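Peer 1: Return a 3D structure for these sequence lines:
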Amino acid sequence: MRSFLIEVDPCLKGSSEGRRLKIEKLFQELGFGKLECVKIAALYRLEGELSQSEAERISKEILRDSVAESFVVDPKPQDEKTFFVDIWYKKGVTDSVGVSLLKAIKDIGINTVTQAAHGERILFHQTSDLNNSETLEKKVVQFVDQNLLNPLVQECKLTGLC
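Peer 2: Got it, this is the predicted structure:
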């Protein structure tokens with residue numbers, strides 16, 4: 001079984017600007033001034049026996065608005081100072097967007113996807129060198145758990161730090 005992560009970004013500057021600035025302000029108030037919230041994007045996880053070309057077709061035909069959004073399949077942090085915080089629903093919690101996505105994928109004739117999930121990706125950049133990335137990771141996860149998600153139904157995963 002293969003798994004693809006698809007990040008869908010708004011092309012229009014400012015579409016999530018208010019939320020991004022609010023996160024940065026919260027960071028500064030809590031002493032995280034050395035971190036910049038770069039962007040917030042929709043995130044999708046597709047699992048099954050699908051190919052790269054099928055993942056791209058799903059992205060183009062279902063997940064993004066061709067005028068206002070772009071997408072990247074399996075994005076990676078660009079450098080050692082960039083990392084992602086991905087927010088997903090916990091196992092057992094109904095992901096209604098994921099359920100609808102799975103149906104839409106079948107409607108366009110792709111039957112190789114067995115699971116689909118919807119989440120959110122927040123991209124951060126360290127604006128200066130921080131000494132202990134393990135401590136930073138714990139602080140960022142704690143911050144996200146307390147301020148950016150509902151811990152009863154959601155969880156976060158950090159990618160690219162350490």
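Peer 1: List the buried residues in the worst-scoring helix or strand of the chain on mean pLDDT.
Peer 2: Every helix and strand in the chain was compared by mean pLDDT, DSSP states H and E; the lowest is helix 133-147, with a mean of 81. Judged by neighbour count using 16 or more other Cβ atoms under 10 Å, the buried positions of helix 133-147 are 136, 139, 140, 141, 143, 144. Yep, even glycine has a C-beta here, placed from its N, CA and C like the rest.
Peer 1: tell me which strands and helices that helix is in contact with?
Peer 2: Counting contacts by 3 or more Cβ pairs under 8 Å, 6 or more residues apart in numbering; DSSP states H and E, the secondary-structure elements packed against helix 133-147 are helix 17-29, strand 82-89, strand 113-126, strand 154-159.
Peer 1: ok now that helix, how far from the chain's centre?
Peer 2: Distance, stretch centre to chain centre, for helix 133-147: 16 Å (Cα atoms, centre = their mean, to the nearest Å).
Peer 1: Kindly report the same for stretch 23-32.
Peer 2: With Cα atoms, centre = their mean, you get 20 Å for stretch 23-32.
Peer 1: same question, stretch 65-76
Peer 2: Centre-to-centre, stretch 65-76 and its host chain are 12 Å apart (Cα atoms, centre = their mean).
Peer 1: Please work out the average pLDDT along it.
Peer 2: Averaging pLDDT along stretch 65-76 gives 91.
Peer 1: First-to-last residue distance for that stretch?
Peer 2: Stretch 65-76 has its terminal residues 22 Å apart, counting by Cα to Cα, to the nearest Å.
Peer 1: swap in stretch 21-38?
Peer 2: Start and end residues of stretch 21-38 are separated by 9 Å (Cα to Cα).
Peer 1: Make TSV out of the helices and strands packed on helix 133-147 and add distance to residue 76, mean neighbour count and mean pLDDT.
Peer 2: What follows is those, written out as TSV (distance: least, Cβ to Cβ, whole Å; neighbours: other Cβ atoms under 10 Å; pLDDT from 0 to 100):
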stretch	distance to residue 76	mean neighbour count	mean pLDDT
helix 17-29	21	14	84
strand 82-89	9	20	94
strand 113-126	11	19	94
strand 154-159	8	17	93
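Peer 1: I'm done for today, thanks for sticking with me.
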